[in-house]
Structures are given as structure tokens and as C-alpha cells.
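Chemist: Below are the sequence and a predicted model for it; my questions follow.
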Amino acid sequence: MTPEEPAGAGGDAGAPEDPGLRIVHLDDDLAVVDKPAGLVVHPAPSHTGPTLVSELGDLLGGGDPERPGIVHRLDKDTSGLMVVARGPEALAALQEAVRERAVERRYLALAGGRLASRTGTIDAPIGRATRRRTRMAVAGAASRAARTHFEVLELLPRESYVEARLETGRTHQIRAHFAAIGHPLVGDSTYGGKDPYGLGRQFLHAHRLAFRHPRTGAPLEFTSPLPADLAAALASARGE
């Protein structure tokens, strides 16, 4: 795999072998990657296969040796943009930027049903579901504040195509929040979403990432188009 015009990249030494994992920016301090669906971010007791950490290898640095350089995560079956650090200073600065809500993360999602409001905020604490530990739930165990802002981009016959912006970054936040308001994401069987388009995963894609470079302060902004499976599902939802 070859990075796409990465800033500050010195060839493709250390680049991941997974052809679905793209590096969209690379410099001495950080990398921005476009993660494919199906790739786990870091090792866990329940997962022994390839991970984003193992694929990126020596590109990552700082923090826990089991998850070096990981600033934030995406669920296994969520695709899209992530920023990772290449050293401890960049990692600390980027994690602080996330805590200070100075990293803008926007997602494209297809929610079941037609939302009544064009814009809105889902403000509901999220914690671990008590009966199914693989799920998160509003007011679940050890709940923490969670806010998701959304805008309906397109009202379709049976679904709503939305852009969601994270103010906080809890596990499964967008998925749990849309399920809580009665509009689980298409394909998200964990949260009761139907899968009429045969996706086999939730329709959720991290399509925009914006932040300031941790060393230079320069503004950085990246976008990622819908991957082919989600684009095909959206076309079907439109009746195309």
C-alpha cells in the first residue's frame, strides 16, 4: 500500500500491507488513516487476527505498547478516518485535544425510519448494558455524559441519511444514541437495526476529521467518501 501524497512521508517504508487500509496523511508526528470495515483497531482478548495496530507497525508510537499511538477508536465494522500518533508527545497532545473537544469528528449514517427533525442533539448518558455486555445503553452501568449532534441530509422513503457530529466520544455512541430515539442504524443488528440491503454491518462512516497539528498548530482537515458497500446501499435506499 502506498500513501496518497502524504505530507512529510519518506517513501512507503513501514506502510501497512492491508490494501483496504489507506494512509491519507503522514508526517513525523502523526498519520491519518482511512480504516476499512472489518479491521479491529487494537489487540483484545477476544480477537487474535490482524489489527490496525499490527498493520501500521512501526508507524505508531507512544502510550500503551498494546495500542501504541491510538488517539481514538472506531468500531470494527465502522469505516473511515482516524488520527494516530507517532510518538509520545504527539499522542499526549492529540488526546488532550480530544478531551478539550478540539478534534472535529463527523460521520455519515443511514438511520432507520424518517426523523421528525432536520437537526437535533441527542444528549443522553451512555454506559454498559447490564444484560448484554457487548452493548452500550442510555443510562447503562457507569454512564458518562454523551452528546451527538445530527443533521438530516436526505429524507428517503424508509430511512434518513444523516451526518452526525460527536461532541463526546463514548463507545458505540452514535449507534446507541440513534437506537435510543427509535432510529437504529441500518445494518446494526446489535442495536436492532434492519439490514434490507445486505450490508452485514452498520451503515456508519467517519467521513470528516479536522484538528490542529499538535506541534505546528496548522489546521488539518480530511474527508473520506463513502466506501462502495455503503454507497450501493444508499443508492438502493434512494430507489436508484
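Modeler: Cool, the structure landed. Residues are numbered from 1 along each chain as shown.

Chemist: May I ask you to confirm that Asn98 is in contact with Val71?
Modeler: Heads up, residue 98 is Val, not Asn. Yes. Under the criterion of C-beta atoms under 8 Å, Val98 makes contact with Val71 at 6.3 Å. Placement of C-beta: from N, CA and C, glycine included.

Chemist: Nearest the middle, which residue of this structure would you pick?
Modeler: Leu74 (3.9 Å; C-alpha atoms, centre = their mean).

Chemist: for the chain, what spans make up the strands?
Modeler: 22-26, 30-35, 79-85, 104-112, 119-123, 126-128, 136-138, 141-144, 147-155, 159-166, 204-212, 219-223 (DSSP state E).

Chemist: rewinding a little: tell me the contacts of the residue nearest to the centre of the chain?
Modeler: Going by C-beta atoms under 8 Å, 6 or more residues apart in numbering, Leu74 touches 35, 41, 80, 82, 206.

Chemist: same question, Leu94
Modeler: 30, 71, 83, 85, 103, 211, 214.

Chemist: Mind doing that once more with 10 Å?
Modeler: With contact set as C-beta atoms under 10 Å, 6 or more residues apart in numbering, Leu94 has these partners: 29-30, 62, 69-72, 83-85, 102-103, 211-214.

Chemist: Contacts made by the worst-scoring helix or strand of the chain on mean pLDDT with the rest, please.
Modeler: Using mean pLDDT, DSSP states H and E, strand 136-138 stands out as the lowest-scoring helix or strand of the chain, at a mean of 81. With contact meaning C-beta under 10 Å, 6+ apart, strand 136-138 is reached by 122, 124-131, 143, 146, 170-173, 175-177, 179-181, 190-191.

Chemist: Quick check: pLDDT value at Thr134.
Modeler: We have a pLDDT of 71 for Thr134.

Chemist: Name the nearest residue to it, ignoring sequence neighbours.
Modeler: What sits nearest to Thr134 in space, not counting adjacent residues and going by C-beta to C-beta, 6 or more residues apart in numbering, is Thr190, at 6.7 Å.

Chemist: residues near that neighbour, how many?
Modeler: 20 (other C-beta atoms under 10 Å).
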